[in-house]
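1. Next come a sequence and a model predicted from it.
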Amino acid sequence: MGNNSITLEPNELADLYTEVKNLWKIHLQKAGVKLPRLDIGNPTNRIITLLLLYKYQGQSVSKAEITQVVRKFNPNADDVQDGRHLGPQAGFNIASGRRGDNSGLKSGEYRLENLTDVYAEFNKKRRNFESATAWDELLQVFDYRCATCGSKEGKRHLINTSISRTVLHQGHMDPRKPLTIDNLIPQCENCNQAYQDKFVFDKNGRVRDININSRWWKDKYRVV
């Protein structure tokens, strides 16, 4: 499908969102699927991606096509990854060629199957971090996935596809504190090596601060 055939106009957003929200309330909300909010004046990359995939439900849409459409709304958007994240992270039933979870899709292609079923590997239970008292229990909370990139233990890496078998490591949430069970997130070797002690993460594996004490920042940004 060529790039020119995939479009999404500002005047379509509200109606598409209403349809998506109604279906989400009926079929997906109770399963813990996360519906992004729509701000008409400043729509996020994620909600644009979801509405675009909904508009072309059942058809393959490439990451390049998604990025092209998103940049019409957000000109400074980087390479858009939300087609991949909306499945395992948010719970929408989106097939991905890279994950190999649906035949007929090439790497970098996505397809919204429907808004009635939850993505097969989505953890329907809200993450109960407090219940995890050991590493094995924490892995279960994260469904044996890297908190940062979503790659699943033992499966091919989602980002670095040259890694055929993902291995999860104990990653610091806050590298300024001891590596205790309440300060751990599972990270694949790829993410663990890339981030090292540069950032502070929240319990969902998202960067929330810079570790100013890291030698990486001290060497690069010297205080005069």
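-> Structure's in. What do you need?
2. where does this protein dip in pLDDT?
-> 1-4, 98-103, 121, 123-131, 219, 221-224 (pLDDT under 70).
3. What are the boundaries of the strands in it?
-> 61-62, 92-96, 109-118, 168-172, 184-188, 199-201, 207-210 (DSSP state E).
4. partners of the third one in the sheet?
-> The sheet places strand 109-118 alongside strand 61-62 (antiparallel), strand 92-96 (antiparallel), with pairing taken from DSSP bridges.
5. outside of the longest one, which residues touch it?
-> With contacts defined as Cβ atoms under 8 Å, 6 or more residues apart in numbering, strand 92-96 is touched by 28, 33, 50, 53, 83-84, 86-87, 101-102, 105, 109-120. To be clear about C-beta, it is placed using only N, CA and C from the backbone, and glycine gets the same treatment.
6. Send over it as CSV, restricted to the C-alpha atoms.
-> Output of strand 92-96 as CSV, limited to C-alpha atoms (Å, rounded to 0.1, in the frame of the first residue of the first chain):
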residue,chain,number,x,y,z
PHE,A,92,-5.1,-3.3,21.6
ASN,A,93,-5.4,-6.2,19.2
ILE,A,94,-2.7,-5.0,16.8
ALA,A,95,-0.7,-7.5,14.7
SER,A,96,2.9,-6.7,14.0
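7. Centre of the chain to it, how far?
-> Taking the mean of its C-alpha atoms, strand 92-96 sits 12 Å from the chain's own mean (Cα atoms, centre = their mean, to the nearest Å).
8. List the residues that contact the most centrally placed residue in the chain.
-> With distances taken as Cα atoms, centre = their mean, the chain has H85 as the residue nearest its mean C-alpha position (2.8 Å). Contacts here follow Cβ under 8 Å, 6+ apart; on that basis H85 touches R46, G150.
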